[in-house]
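J.: coordinates only, no sequence provided:
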């Protein structure tokens, strides 16, 4: 009887041990997809809060590393791989990244949480991921288009940044966003203090009769392809910046986003502004890049303003509209400007700048007089048709 009881006890202990045995099958992809964005700690770096699971803390940590890399590649609202086609092409390289995630990790925090779940250990850490390195490897493998390749194929857009509202911290946000664009290979044009809107731009805006946006008019004067408005708000422990980005020639919005800093007490709130801009900057650059790649396929917008006289105006308008139609396969938007002054928005492929557009129009134009260039700045071209009459809009 005693032997029987001992045997039953041993069997019970064995069953208890067997039932508590951890059964975790490691796979190439992350076991969990639990991750959140914390902050952009630099122009090419991102902090991620990621969770992993395994039979031990060490095993769970390895899984959390894979999850953090996955988040940068495919998770959140600004993944590197944006389309299914990119994800399909990236599959092999992505598996290599999961096999060696530490290559892309620049810092790991202490353990943030730990608990048991179904006999397994679940842990959470903070990771700083080298986003720039991941992007470079994907571009080298021709999975995504690098900024440099995009610049070679079309020329990256020139950018200007303006503060909408927010006081001194908004000025900090402008400087930080300008730096972010420069670090991502964009050419940034800065409006110097005291700069005024070009007289041509001001007069054309008045003739078109639309409600003018001073930032848009300044961007036209500077000759930038794109301009961004920055609006700061925040408290002593947290900052946020709202950014809107517009295509200058057409006024089309290319993207809008809000960036946030982590919430913490600091001696200088400008550090929080910088964090918020880094967060917003990553999203905005992604939005601009996507729109600009569409322009590579469909054509870049140009604003063309034409000065004439009331005698020849109608004929000049008709001839130039016809010339623009020959150059573009997309509809041309005419903007009102009176009997002797006209403006158009035209989308053109393989047209790098306004000066080359002027050269093309000179060849295609068959209206009264001869075309003369008044001004060309970025994607904004002002020309006059010099016939027998006087140009009625005087540009001083």
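T.: Okay, I see it. On a predicted model such as this, the values are computed, not experimentally measured, just so you know. Residues are numbered from 1 along each chain as shown.

J.: secondary structure element for the residue nearest the centre of the chain?
T.: For the chain, the residue nearest the mean C-alpha position is residue 285 (1.9 Å; CA atoms, centre = their mean). In the assignment (DSSP states H and E), residue 285 maps to helix 270-298.

J.: now that helix: mean pLDDT?
T.: Helix 270-298 shows a mean pLDDT of 84.

J.: how far away is residue 97 from residue 84?
T.: In this view, residue 97 and residue 84 are 18 Å apart by CB to CB, to the nearest Å. For the C-beta atoms, the positions are set from N, CA and C on the backbone; glycine is no exception.

J.: out of these two, which sits in the more crowded spot?
T.: In this view residue 97 and residue 84 are compared by other CB atoms under 10 Å, and residue 97 has more residues nearby, 20 against 8.

J.: buried sites along the helix holding residue 285?
T.: 270, 272-289, 291-292, 295 (16 or more other CB atoms under 10 Å).

J.: and it, what does it pack against?
T.: strand 35-42, helix 147-153, helix 167-183, strand 226-234, strand 239-247, strand 253-260 (3 or more CB pairs under 8 Å, 6 or more residues apart in numbering; DSSP states H and E).

J.: got the angle for it vs strand 239-247?
T.: Orientation check (axes from the mean of the first three to the mean of the last three CA atoms, to 10 degrees): helix 270-298 against strand 239-247 gives 20 degrees.

J.: quick one, what contacts the closest residue to residue 78 other than its chain neighbours?
T.: Of all residues not flanking residue 78 in the chain, residue 283 sits nearest, at 4.9 Å (CB to CB, 6 or more residues apart in numbering). Residues in contact with residue 283 (CB atoms under 8 Å, 6 or more residues apart in numbering) are 77, 78, 255, 257, 259.

J.: would you mind giving me the PyMOL syntax to select the buried ones in those residues?
T.: Of the contacts of residue 283, the buried ones go into a single PyMOL selection, burial set by 16+ other CB under 10 Å:
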select buried, resi 78+255+257+259
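
J.: and the contacts of residue 283, which is closest to residue 130?
T.: Using CB to CB, residue 78 comes nearest to residue 130 of these, at 15.7 Å.

J.: just the strands in the stretch 1-150 of the chain please.
T.: Under the criterion DSSP state E, counting those that start in this stretch, strands of the stretch 1-150 of the chain are mapped to 35-42, 45-54, 105-108, 113-117, 120-130.

J.: return the most buried member of those.
T.: strand 45-54 (a mean of 23; mean count of other CB atoms under 10 Å).

J.: just checking: what are the partner strands of that one?
T.: Applying DSSP bridges, strand 45-54 is found paired with strand 35-42 (antiparallel), strand 120-130 (antiparallel).

J.: is it possible to export those strands to a markdown table including mean pLDDT and distance to residue 170?
T.: Output for the strands paired with strand 45-54, formatted as a markdown table (pLDDT from 0 to 100; distance: least, CB to CB, whole Å):
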| stretch | mean pLDDT | distance to residue 170 |
| --- | --- | --- |
| strand 35-42 | 80 | 19 |
| strand 120-130 | 95 | 28 |
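
J.: which of the ones you listed sits closest to residue 145?
T.: So among the strands paired with strand 45-54, strand 120-130 is nearest, using CB to CB, at 19.7 Å.

J.: show me the shaky parts of the chain.
T.: 1-20, 41-43, 146-155, 166, 193-196, 207-212, 336-338, 386-396 (pLDDT under 70).

J.: domains of it?
T.: Listed by automatic domain parsing, the domain ranges of the chain are 21-140, 158-295, 300-384.

J.: coming back round to it: residue 216: which of the strands of the stretch 1-150 of the chain is closest?
T.: The nearest among these, by CB to CB, is strand 35-42 at 27.7 Å.

J.: quick revisit: so which of the strands paired with strand 45-54 comes closest to residue 382?
T.: Comparison of those against residue 382 by CB to CB identifies strand 35-42 as nearest, at 39.7 Å.

J.: angle of the closest one against strand 253-260?
T.: Using the same axes, to 10 degrees: strand 35-42 against strand 253-260 is 100 degrees.

J.: got the angle between strand 35-42 and helix 167-183?
T.: 90 degrees.

J.: chain center to strand 35-42, what's the gap?
T.: Offset of strand 35-42 from its chain centre (CA atoms, centre = their mean, to the nearest Å): 16 Å.

J.: bridged to residue 115, which residues?
T.: With DSSP bridges as the criterion, residue 115 is bridged to residue 122.

J.: quick check: the gap between it and residue 318.
T.: Residue 115 is 75 Å from residue 318, by CB to CB.

J.: before we move on, what about residue 376?
T.: Separation of residue 376 from residue 318 (CB to CB): 23 Å.

J.: okay, the strands paired with strand 45-54 in JSON lines with distance to residue 49 next?
T.: JSON lines is the format used below for the strands paired with strand 45-54 (distance: least, CB to CB, whole Å):
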{"stretch": "strand 35-42", "distance to residue 49": "5"}
{"stretch": "strand 120-130", "distance to residue 49": "6"}
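
J.: right, and the ones you listed - which one's nearest residue 369?
T.: Nearest of these (CB to CB): strand 35-42, 54.3 Å.

J.: before we move on, the earlier item: residue 376 and residue 318: which is more packed in?
T.: residue 376 (18 against 12).
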